[in-house]
Structure formats: structure tokens, C-alpha cells
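> for reference, the sequence and a predicted model appear below.
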Amino acid sequence: KSYVSEVDKQNSKSVKWGVKANEFVTPDGKKSAHDRYLFVQSPNGPSGSAREYFASDNQLPPLVQSGFNPSFITTLSHEKGSSDTSEFEISYGRNLDITYATLFPRTGIYAERKHNAFVNRNFVVRYEVNWKTHEIKVKGHN
């Protein structure tokens, strides 16, 4: 599986889950998402620029090429006799890994991967559900 969905935390009021990269099929076979040489053309270095160290876009897995953005589905319920409307919020975020490639003329490429180099959990959308009409609308976002 290229991506794995996991529930990180849950209780009666909230659930936190994440979609994490697991492994990818590359022209060189399967590679872990944490492989130091993920999406590189050659760990020995390119013949030209440091950009040539990385795999070209057409060699990337289809989900990566398409800018994969995971979706989710959820079920909402409420207790009978409670309010006609309820509000809830969903936090969206993305964590990014970075690979630095430095070309040293005498020794070749030095690569360094930083897992979760950028952690972004700051987009929150507030929703309101109307239990009588079964409609959900966006109340606001940051």
C-alpha cells in the first residue's frame, strides 16, 4: 500500500486520523517512504546538476504525480430530543519531508532526508449540520 490511514486518537467527542506514506513502486522496485534515496535517479549522483539527482516527474508514482490529497467519509449522529443543529470542525494539515541534495565536485552527491521537516496543521473548517433538513453548511474557517 502506498498510503496507510491510521486513527491517531479518538474519544466520544473527537477523532484524529492521519494518512501516512508507506511505500512506493519506483522504476527500481518497491521503496519505503523513509528510504534515503526515494525518488532519486542514482544514489551515485548525476553527471550534471543537483536537479538531475532526482527522478523526473514522469518517473514518480501516479499518486505523487497527481498531487494526491486523501479524502475521507464520516458518519454523524445526534441524540433524539437534542438541538436541531450541531456544529463541528475539521482540521486539515499536511506534513512534508525534504530531501537536500548537495553536489560536491570531487566526491559527488550528498543527500539528506528530513522526515516531517514541515508540519502544517493549521487549516480548520467549522461546519453546521441541520438534523431536520439533513443539510451541512460551512460556518467559517481560519
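Received it, and whenever you're ready, just let me know what you need.
> drop to CA atoms for contacts and neighbour counts, all remaining ones
OK.
> could you check how far the residue lying farthest from the centre of the chain is from residue 131?
In the chain, the residue that sits farthest from the middle, by C-alpha atoms, centre = their mean, is residue 81; the gap is 39.2 Å. Counting by C-alpha to C-alpha, to the nearest Å, the gap from residue 81 to residue 131 is 11 Å.
> same question for residue 60.
For residue 60, the distance to residue 131 - C-alpha to C-alpha - is 44 Å.
> can I assume the residue farthest from the centre of the chain sits in a strand?
No: going by DSSP: H, G, I helix; E, B strand; the rest coil, the assignment for residue 81 is coil, not a strand.
> number of residues surrounding residue 83?
Using other C-alpha atoms under 10 Å, residue 83 has 11 neighbouring residues.
> give the contact list for it.
With C-alpha atoms under 8 Å, 6 or more residues apart in numbering as the criterion, no residue contacts residue 83.
> so the most centrally placed residue in the chain bridges to which residues?
Taking C-alpha atoms, centre = their mean as the criterion, residue 94 is the residue nearest the geometric centre of the chain, at 5.1 Å. Beta bridges link residue 94 to residue 120, judged by DSSP bridges.
> that one contacts residue 123, correct?
No: counting by C-alpha atoms under 8 Å, no contact exists between residue 94 and residue 123, whose distance comes to 9.6 Å.
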